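# pasting a predicted model and its sequence here:
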Amino acid sequence: MLGFTQGACGTGDDSDVVRPAGQESSSAREPVSTRAGDNAVSTELDPTQRGALGGRVVFLGTSLTAGLGLTDPASRFTDQIQALADSAGLPFRMVNAGVSGDTSAGGLRRITWLLRAPVRVLVLELGANDGLRGLSPDSMKANLQAVIDSTRAHYPEARLLLSGMQAPPNLGQAYASAFSSVFSELARVNGGTLIPFLLEGIAGVPELNQADGLHPTPEGHRMIARTVWKHLRPILDDLNTEQVTGL
């Protein structure tokens, strides 16, 4: 299990600089900002754009979300989920806010910027780098809760999808147990949906990871997309019904 956690860490940088591939997963992209470096996605929208983006699904995550090592950004699981949503006729836009090396603290530093445009669903793919570095599960939990609180302070009806991860085994069973329980507990207390393990069936499988043995291949990302879609689709169906009926 150590390999998958390292795969999420990317560069190991804890900054909130959005690196290449940290872009939106939509053909109609928002204006590009230089606030956080090249390829950053601006959420500074004019009123017309703001009204058209009421269906944003924001993926706040690590290099797994950013698609580190992929030659084609369309191979990222977020882009594949966009294609699935489009095929299903669901009017939602996937926003890829993945940063290589990001920790829960890094995600907390970035969330206010991302909340400048409406969020219908927040998908949290953070924590793997906290585990790799042996950071406190309690601190990780507090950071992720603060991200959720900030999101709901801006958009009280935003839905939550938490991506569960596992700690490297060399940190011991007590740490691993405390680490993994953070995600299920946050989902429970915040009324969110939990993906038990994002890399189920991928971690430790050589043919589903790149040459470094750490980051998923395009096929690995396809598997992640299917895993996420299984949990995200019911949320989007529900939101779409509310939008159509006005309930």
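Perfect, I can see it now. Numbering: from 1, shown residues only.

# going by C-alpha atoms from here, please, whenever you check contacts or count neighbours.
Noted.

# starting at the chain centroid, how far to the host helix or strand of residue 122?
Per DSSP states H and E: residue 122 is located in strand 121-125. When distances are taken as Cα atoms, centre = their mean, to the nearest Å, strand 121-125 is centred 5 Å away from the chain's centroid.

# hmm, who's touching it?
Applying Cα atoms under 8 Å, 6 or more residues apart in numbering, the contact partners of strand 121-125 are 56-62, 65, 151, 158-164.

# pLDDT at the closest residue to residue 210 other than its chain neighbours, what is it?
Closest residue to residue 210 apart from its sequence neighbours, by Cα to Cα, 6 or more residues apart in numbering: residue 217 at 5.2 Å. Residue 217 carries a pLDDT value of 95.

# so what's the residue count around residue 83?
Neighbour count for residue 83, taken as other Cα atoms under 10 Å: 17.

# ditto for residue 91
By other Cα under 10 Å, the residues close to residue 91 number 17.

# among the helices and strands of this structure, which has the poorest mean pLDDT?
Least confident helix or strand of the chain, by mean pLDDT, DSSP states H and E, is strand 32-33 with a mean of 30.

# residue contacts, residue 176?
Applying Cα under 8 Å, 6+ apart to residue 176 gives the contacts 166-169.

# out of those, who's nearest residue 225?
Set against residue 225, the nearest of the contacts of residue 176 by Cα to Cα is residue 166 (18.5 Å).

# quick check: that closest one touching residue 180?
Yes - if you go by Cα atoms under 8 Å, residue 166 and residue 180 touch, sitting 5.6 Å apart.

# quick revisit: for the strand holding residue 122, give the mean pLDDT please.
98.

# could I get the very next helix or strand once past it in CSV with only the CA atoms?
Note on strand 121-125: by DSSP H and E, the next helix or strand toward the C-terminus is helix 128-132. Extracted in CSV, the C-alpha atoms of helix 128-132 (Å, rounded to 0.1, in the frame of the first residue of the first chain):
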residue,chain,number,x,y,z
ALA,A,128,-2.6,10.7,0.9
ASN,A,129,0.3,13.1,1.3
ASP,A,130,-0.5,13.7,5.0
GLY,A,131,-0.2,9.9,5.4
LEU,A,132,3.0,9.6,3.4
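
# off-centre distance for helix 128-132?
14 Å.

# with stretch 98-111 instead?
In terms of Cα atoms, centre = their mean, the centre of stretch 98-111 is found 10 Å from the chain centre.

# over to stretch 78-86?
14 Å.

# buried sites along it?
The neighbour-count check on stretch 78-86 (16 or more other Cα atoms under 10 Å) flags 78-85 as buried.

# and the lengthiest helix in the chain, what does it pack onto?
Ranked by residue count under DSSP state H, the longest helix found in the chain is helix 218-245. Applying 3 or more Cα pairs under 8 Å, 6 or more residues apart in numbering; DSSP states H and E, we find helix 218-245 packed against helix 77-87, strand 159-163, strand 193-195.

# can we see that at 7 Å?
For helix 218-245, the elements it packs on are helix 77-87, judged by 3 or more Cα pairs under 7 Å, 6 or more residues apart in numbering; DSSP states H and E.

# contacts for the helix it packs on?
Residues from elsewhere that reach helix 77-87, judged by Cα atoms under 7 Å, 6 or more residues apart in numbering: 25, 74, 92-94, 96, 221-222, 224-225, 229.

# which helices and strands does the next helix or strand after that helix pack with?
Where DSSP H and E defines the elements, the next helix or strand beyond helix 77-87 is strand 93-98. Contact analysis of strand 93-98 by 3+ Cα pairs under 7 Å, 6+ apart lists strand 56-61, helix 63-66, helix 77-87 as its packing neighbours.
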